[in-house]
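Participant: give me a 3D structure for the following:
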Amino acid sequence: MSQFSDNLRGALFMVISMAGFALNDATAKLVAGDLGLYQIIFLRGVFASLLMGLLAWRQGCLLHRPSGADTRAMSWRAVADIGATLCFLTALFNMPIADATAILQSIPLAVTLAAALFLREAVGWRRYTAILVGFAGVLIIVRPGGEGFNAYALWAVAAVAFIVLRDLTTRGLSTAAPSAFVALTSSLAITAVSGLLALTEPWQPVSGGSLGLLAAAAVFLFFGYLFAVMTMRVGEVSYISPFRYTVLLWAMILGLILFGEVPDAWTLLGSLIIVVTGIYTFYRERKVLKAEAARTAAQ
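Facilitator: As a prediction, this is how the structure comes out:
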């Protein structure tokens, strides 16, 4: 009964986390017509860094001194986070939020493939098949060369590549590196780089409404991160992980309400394929881990 309750709490935390990320994206998109891309990332980054800094201070890791290996991993992680942020927001501001979000849901599949190719992690033919089918779902959404093709979808695909790099470098961090400190360093790096890039474009006057929306976006982003961390601390990963795809529902609802965006049949079909193959990959990975644990215990 206790485990069941933990699973339900973990699932709820994941749903809240995904709502936070979707609300962050939608709120930032609302400001896109008034401010430049780099200006938006910079101002949101200032608010987000303050919140992340407060969290790191509360957890006693604000002045953490990482090892040399952790510093290198965090540096590559920050580079990947910068690339992912720039690419995804470029896509988000120029295409329906549900389409951009759906493409990002291929990340678990891409991470599994990258781990097999670069980290030599064992991946069986079932998961390889799921990955190929899942990527076919991405192509259905992007529709390269088709009538509904939006070139900005390629920016979302590039964001997936950067996020894969971020996740792989995160695996290289030691357990001594606090999550809040790692998130803070990435946030500061994104803010600093976007601030420099903002100098290359005219600085638009910032209204109180726009500033308030960007502050709200930072709060949503912060709570998305916070509940994502809380999610991993309760319940079973195999039970909780599929709930990450609720971000698609949030994105579709917000896209319809705020921007009048209605996903077409191809986007819905591609999204369904990505979600099904992603959930199957989670299931297979969990099954393989349990089998390996049983073999180790028997030896």
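Participant: shaky segments in the stretch 101-250 of the chain?
Facilitator: Counting by pLDDT under 70, the stretch 101-250 of the chain has low-confidence residues at 146-148, 232, 235, 237-238.
Participant: again, only using 50
Facilitator: Within the stretch 101-250 of the chain, no range satisfies pLDDT under 50.
Participant: helices along that one, start to end?
Facilitator: Counting by DSSP state H, counting those that start in this stretch, residue ranges of the helices within the stretch 101-250 of the chain are 107-118, 125-142, 153-171, 179-198, 208-231, 237-240, 246-259.
Participant: could you count how many residues lie near the residue lying closest to residue 239 once chain neighbours are set aside?
Facilitator: Spatial nearest neighbour of residue 239, chain neighbours left out: residue 7 (4.5 Å); criterion: CB to CB, 6 or more residues apart in numbering. C-beta coordinates here come from the backbone N, C-alpha and C atoms, glycine included. Residue 7 sits with 16 neighbouring residues when counted by other CB atoms under 10 Å.
Participant: now residue 7: how far from residue 105?
Facilitator: For residue 7, the distance to residue 105 (CB to CB, to the nearest Å) stands at 22 Å.
Participant: quick one on the thing from earlier: what sits against the residue nearest to residue 239?
Facilitator: By CB atoms under 8 Å, 6 or more residues apart in numbering, the contact set of residue 7 is 234, 235, 236, 239, 240.
Participant: ok, the last one - contacts?
Facilitator: Looking back up the chat, that one is residue 240. Residue 240 makes contact with 7, 10, 11, 13, 14, 231 under the criterion CB under 8 Å, 6+ apart.
Participant: output those residues as TSV; include the columns distance to residue 56.
Facilitator: Shown next, in TSV, are those (distance: CB to CB, whole Å):
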residue	distance to residue 56
7	29
10	24
11	27
13	20
14	23
231	19
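Participant: those residues in helices, which ones?
Facilitator: Among those, the ones falling in helices (DSSP state H) are 7, 10, 11, 13, 14, 231.
Participant: just the buried ones from those residues?
Facilitator: The neighbour count (16 or more other CB atoms under 10 Å) marks 7, 10, 11, 13, 14, 231 as buried among those.
Participant: my read: the fifth one touches residue 247, true?
Facilitator: What it means is residue 14. No. In this structure, residue 14 is not within contact of residue 247 by CB atoms under 8 Å, at 9.3 Å.
Participant: mind listing what's buried in stretch 62-72?
Facilitator: Of the residues in stretch 62-72, 62, 64, 66, 70 count as buried by neighbour count, 16+ other CB under 10 Å.
Participant: what distance separates the start and the end of that stretch?
Facilitator: Stretch 62-72 has its terminal residues 18 Å apart, counting by CA to CA, to the nearest Å.
Participant: what's the burial count for the closest residue to residue 83 other than its chain neighbours?
Facilitator: Distances taken as CB to CB, 6+ apart place residue 162 nearest to residue 83, at 3.8 Å, with adjacent residues excluded. For residue 162, the neighbour count with other CB under 10 Å is 19.
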